[in-house]
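Enquirer: fold the following, please.
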Amino acid sequence: MPMYDYKCLDCGKESLIALTLKDHEAKNATCPHCGSKRLEQIITSFMAKTTKKS
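Expert: This is a model prediction of the structure:
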C-alpha cells in the first residue's frame, strides 16, 4: 500500500499515511494526531527498486 506525506492544516503536524489509491484519489486521509480531514499532501521524492538491471 502506498505511503503519502501529509501536513494537517488544523494542528500543523506532518504524518506519513498509508492509503489505497482509491482512498488517496477520494482524499479520505485523516490526521492521526487530531482527527482532522483538512490535510495537504506534501510532495516528496521517492526511489523505486527493480530486480532487472539496465
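Enquirer: counting neighbours, what do you get for residue 12?
Expert: Residue neighbour count, defined by other Cβ atoms under 10 Å, stands at 10 for residue 12. Using the backbone N, CA and C atoms, a C-beta is placed for each residue, glycine as well.
Enquirer: now do the phi/psi pair for it.
Expert: When read as degrees, to the nearest 10, the backbone of residue 12 gives phi 80, psi 0.
Enquirer: show me what contacts it?
Expert: Not one residue lies near residue 12 by Cβ atoms under 8 Å, 6 or more residues apart in numbering.
Enquirer: try residue 11
Expert: Contact partners of residue 11, counting by Cβ under 8 Å, 6+ apart, are 31, 33-34, 36.
Enquirer: max pairwise distance over those residues: which two?
Expert: Spatially, the most separated pair among those is 33 and 36, at 8.4 Å (Cβ to Cβ).
Enquirer: what residues do those two have in common as contacts?
Expert: 8, 11.
Enquirer: can you pull out the low-pLDDT segments for the chain?
Expert: Low-confidence segments of the chain (pLDDT under 70): 54.
Enquirer: ok, which stretches of it are strands?
Expert: 3-8, 14-18, 39-41 (DSSP state E).
Enquirer: hey, C-alpha coordinates of the second one in PDB?
Expert: Pointing back at strand 14-18 there. Extracted C-alpha coordinates of strand 14-18, given in PDB (Å, rounded to 0.1, in the frame of the first residue of the first chain):
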ATOM      1  CA  GLU A  14       3.300  16.200   9.400                       C
ATOM      2  CA  SER A  15       2.400  12.500   9.000                       C
ATOM      3  CA  LEU A  16       3.200   9.600   6.800                       C
ATOM      4  CA  ILE A  17      -0.100   7.800   6.000                       C
ATOM      5  CA  ALA A  18      -0.700   4.500   4.200                       C
END
